[in-house]
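J.: predicted coordinates and the sequence they were generated for:
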Amino acid sequence: MNPRKEALLGVVLVVLYTGAISFADAITKHIAGNYAAPQLFAISGLAVAGFCLLVTRPSGTLPRTSLWRPTLVRCALGILASLAFFLSFRLLPMAEVFLFIGLMPIMSATLSGPVLGERLQPSTWLALALGAVGVFFLFPDGVHNIGAGHAVALCATFTGSLSLVLARYISNREQASLAQVFYPNLALGGAMALALPFVWQPMGSVELALVAAYSVALFAARWLCILALRLLPVHVVTLLMSLQFAWMVWLGGRFFGEVPGMHVYIGAAVVVMAGAMLVLQRMMPQAGAKPVGKPLT
């Protein structure tokens with residue numbers, strides 16, 4: 001597949017991802033106020049792992065990977081990031097949580113250098129900076145009253161970004177996309193199940209349906225993300241993920257009664273423009289990030 005088709009397919013996959021993950025985040029916001037994190041993640045993590053087994057059932061084998069060390073690191077990072085984001089939604093307004101999510105492209109681009117050996121061009125940094133400006137447009141009041149919630153959100157951003165960089169590292173070396181969904185979710189579900197007896201609260205049919213919907217959305221989102229990371233560099237994927245703000249505008253208005261101001265639309269336009277710059281750069285011959293040096297082992 002030529003670079004142009006790879007870039008276009010990657011964009012489509014990320015757009016689908018943003019819709020699925022925004023839906024999952026809205027459910028997280030709802031659940032976080034009434035239930036402990038292990039209750040959501042034990043059920044959803046094991047359910048997502050189960051979906052992976054259903055997909056691989058014709059082969060009769062577990063999803064395979066030859067890169068166990070980075071996979072195990074991703075499992076640990078996935079647990080930390082999930083817990084940190086869950087706690088962030090409980091401690092902070094949704095807008096402030098997404099301010100930190102908007103910093104993930106810059107952080108992932110920074111981490112791609114030492115982890116992946118990718119050399120980024122000055123024009124890439126310009127596009128990333130423009131994307132960061134767009135994110136700050138979405139929240140004109142900025143981050144105020146710095147406290148524990150912001151520290152937790154920063155931890156979530158770092159662990160989430162590093163997990164995405166490792167996903168790109170693995171995707172560059174093998175085609176086992178389902179393994180990257182299966183093992184982190186199995187680890188998350190198993191670890192949270194250990195705490196489940198201490199935090200369990202009975203759930204009604206509506207809450208159980210929401211958790212089931214969350215599991216389906218999360219499975220779809222994480223698989224789409226892994227597929228997109230095969231086609232586009234991490235900093236491109238994470239910046240395009242800022243499109244989830246558009247989904248959040250609709251979800252916020254539909255379910256939480258949030259009405260955004262004009263600054264939200266201006267910021268979203270800036271973010272989309274920055275993402276377009278990176279995708280167009282990827283389409284051009286000899287443009288975008290390229291791996292250099294020896295691959296990590």
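T.: Done, it's in.
J.: make it CA atoms for all contacts and neighbour counts henceforth
T.: OK.
J.: with adjacent residues omitted, what lies nearest to Gly131?
T.: Ranked by Cα to Cα, 6 or more residues apart in numbering and with sequence neighbours excluded, the top spatial neighbour of Gly131 is Val271, at 4.6 Å.
J.: what residues are up against the one you found?
T.: Neighbouring residues of Val271 by Cα atoms under 8 Å, 6 or more residues apart in numbering: 130-135, 239-240, 242-243.
J.: now the strands for the stretch 1-150 of the chain?
T.: With DSSP state E, counting those that start in this stretch as the criterion, the stretch 1-150 of the chain has strands at 118-119.
J.: mind jotting down where the helices sit in it?
T.: Remark: helices assigned in the stretch 1-150 of the chain by DSSP state H, counting those that start in this stretch are 3-32, 37-56, 68-91, 94-101, 104-116, 122-138, 148-171.
J.: and the fourth one, what does it pack against?
T.: Secondary-structure packing of helix 94-101 (3 or more Cα pairs under 8 Å, 6 or more residues apart in numbering; DSSP states H and E): helix 68-91, helix 148-171.
J.: re earlier: state the pLDDT value of the residue nearest to Gly131.
T.: If you check Val271, the pLDDT there is 75.
J.: measure it to Val97 for me?
T.: 17 Å (Cα to Cα, to the nearest Å).
J.: distance check, Gly204 against Leu80.
T.: 28 Å.
J.: neighbour count for those two, which is higher?
T.: When neighbours are counted by other Cα atoms under 10 Å, Gly204 and Leu80 differ, and Leu80 comes out ahead with 18 against 9.
J.: isn't the more buried one up against Ser161?
T.: No: Leu80 is beyond contact range of Ser161, at 11.7 Å (criterion: Cα atoms under 8 Å).
J.: where does this protein dip in pLDDT?
T.: For the chain, applying pLDDT under 70 flags the ranges 1, 59-60, 94-95, 138-146, 258, 260, 278-279, 282-297.
J.: excluding its backbone neighbours, what's nearest the residue nearest the centre of it?
T.: Nearest residue to the geometric centre of the chain (Cα atoms, centre = their mean): Gly160, 6.8 Å. Of all residues not flanking Gly160 in the chain, Ala81 sits nearest, at 5.5 Å (Cα to Cα, 6+ apart).
J.: kindly report the same for Leu130.
T.: In space, Leu130 is closest to Ala274, 5.8 Å off (Cα to Cα, 6+ apart).
J.: now swap in Gly113 and tell me
T.: Per Cα to Cα, 6+ apart, closest to Gly113 is Arg119, 6.4 Å.
J.: any idea what the one you found is bridged to?
T.: Lys290 (DSSP bridges).
J.: you'd agree it is up against Ala109?
T.: No: Arg119 is beyond contact range of Ala109, at 9.6 Å (criterion: Cα under 8 Å).
J.: mind checking which of these two has more residues around it?
T.: Ala109 (27 against 16).
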